[in-house]
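Enquirer: Need a 3D model of the sequence below.
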Amino acid sequence: MIFRQLYDITSSTYTYLLACEKTGAAVLIDPVFERVQRDLALLKELNLKLEFALDTHCHADHVTAAWLLKQKTGCQIGTAAVTQADEVDRPLQHGDLLAFGQESLRVIATPGHTNGCLSFVSTDLSRVFSGDALLIRGCGRCDFQQGDAKTLFQSITEQLFTLPAECLIYPGHDYNGRTVSTVAEEQAFNARVGGGASEQDFVGYMAAMQLPHPKLIDHAVPANLKSGRPDADAMPAEPSWAPVYFTFSGVPEVTVEWVLNNRERVQILDVREAHELESPVDRLVDTRIIPLAELRGQTDSLSRDRPIVCLCRSGRRSAMAVNILQKAGFTEVANIAGGILRWQELT
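Expert: Numbers count the residues shown, from 1 in each chain. Alright, predicted model coming up:
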């Protein structure tokens, strides 16, 4: 199975990508609205097709990207049926099986943090994605969205702690840089529910917590009850001057094919060195040539009247050129994917 653990620093949220190596069918668990560009780029680079965008619960600290991912990829949205969220294609119940290619996840109902919390476990019981029900050395709070400490204790001890001791636990959040635990570790060391804690111990601990109201709850919960569908005026801005897409490293790119068909609409900036342009085969007509090492000192000489697309041999140096231009205030700028190597394949 292809597996990636992704992180949103603003909300300390983990997003998980799982995919079938043989078919490329993929699942994203707990995607974040502001990180949809990153997630789409990773899917593209790994040549994966998203089948499901899954949420472990109705989040109070961030807005899900499920709806946006559905618009971009045609995937299905899955979350707990009890949540009764709009736009959901798969209202999930305990025991449901989600197949993607030759892989699958089993749904486990683990309420208590909220009444609609789910965990997703691999069918070989080697990994469980526990959302906020069970965190590393902690658990989700129980003081809003129909949360209940007794219910959460039962979810953890009767569902998650009955998985194999070596089963890896991947939580929905971590605020201290921890990435993974195991059932055995949490049974032994979890500060709230481990070490043989009784239900009374756990409920007493949770009742004594005095946590501030989540800052985004009044915005996040209503948005997540719509699966993250934004109002029309709140859609994330996208470049309109070209079919720009972004790499996983965050670089905006356009294809050589698009540039060839739209040369009159853009400025081509070639950042190769002079010795690379000695052959007529390598030099393009109607391009501006500024070697990368000299670009920072010459950005003011470039016109802002037309978008700029940057070129080098392979597309690596020109990606840095895009970064330099963006820092200089150019907004309509992109890298030519594949550089002159790809250009020469097509011409």
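
Enquirer: show me what contacts the residue nearest the centre of the chain?
Expert: Centroid-nearest residue in the chain: Asp39, 4.1 Å away (criterion: CA atoms, centre = their mean). Shown in contact with Asp39 (CB atoms under 8 Å, 6 or more residues apart in numbering): Leu6, Thr15, Leu17, Leu28, Pro31, Ala65, Leu69. C-beta here means a position set from N, CA and C on the backbone, and glycine is covered the same way.

Enquirer: Please enumerate the helices of the stretch 151-300 of the chain.
Expert: With helices called from DSSP state H, counting those that start in this stretch, the stretch 151-300 of the chain shows them at 183-189, 199-208, 217-224, 256-261, 292-295.

Enquirer: Comparing those, which yields the minimum mean pLDDT?
Expert: Here the lowest mean pLDDT among these goes to helix 217-224, at a mean of 92.

Enquirer: What residues sit buried inside that helix?
Expert: Buried residues in helix 217-224, counted by 16 or more other CB atoms under 10 Å: Ala220, Val221, Ala223, Asn224.

Enquirer: My guess is His173 contacts Leu135. True?
Expert: Yes - under the criterion of CB atoms under 8 Å, His173 makes contact with Leu135 at 6.3 Å.

Enquirer: These two: which has the busier surroundings?
Expert: Neighbours were counted for His173 and for Leu135 using other CB atoms under 10 Å; Leu135 has more, 23 against 20.

Enquirer: Now for the closest residue to that one other than its chain neighbours: which residues touch it?
Expert: In this structure, Leu135 finds its nearest non-sequential neighbour in Pro171, 4.5 Å apart by CB to CB, 6 or more residues apart in numbering. If you count contacts by CB under 8 Å, 6+ apart, Pro171 has them with Tyr14, Ser130, Gly131, Asp132, Leu134, Leu135, Ile136, Ser181.

Enquirer: who does Pro171 bridge with?
Expert: Gly131 (DSSP bridges).

Enquirer: tell me the domain ranges of the chain?
Expert: As given by automatic domain parsing, the domain ranges for the chain are 2-234, 245-346.

Enquirer: wait, what's in contact with Arg178?
Expert: For Arg178, the contact set (CB under 8 Å, 6+ apart) comprises Ile136, Arg137.

Enquirer: Check the gap between it and Cys312 for me.
Expert: Distance, Arg178 to Cys312, using CB to CB, to the nearest Å: 40 Å.

Enquirer: now swap in Arg229 and tell me
Expert: From Arg229 across to Cys312, the span is 40 Å (CB to CB).

Enquirer: If you count surrounding residues, which of the two has more?
Expert: Neighbours of Arg229 and Cys312, each counted by other CB under 10 Å, are more numerous for Cys312; the result is 24 against 21.
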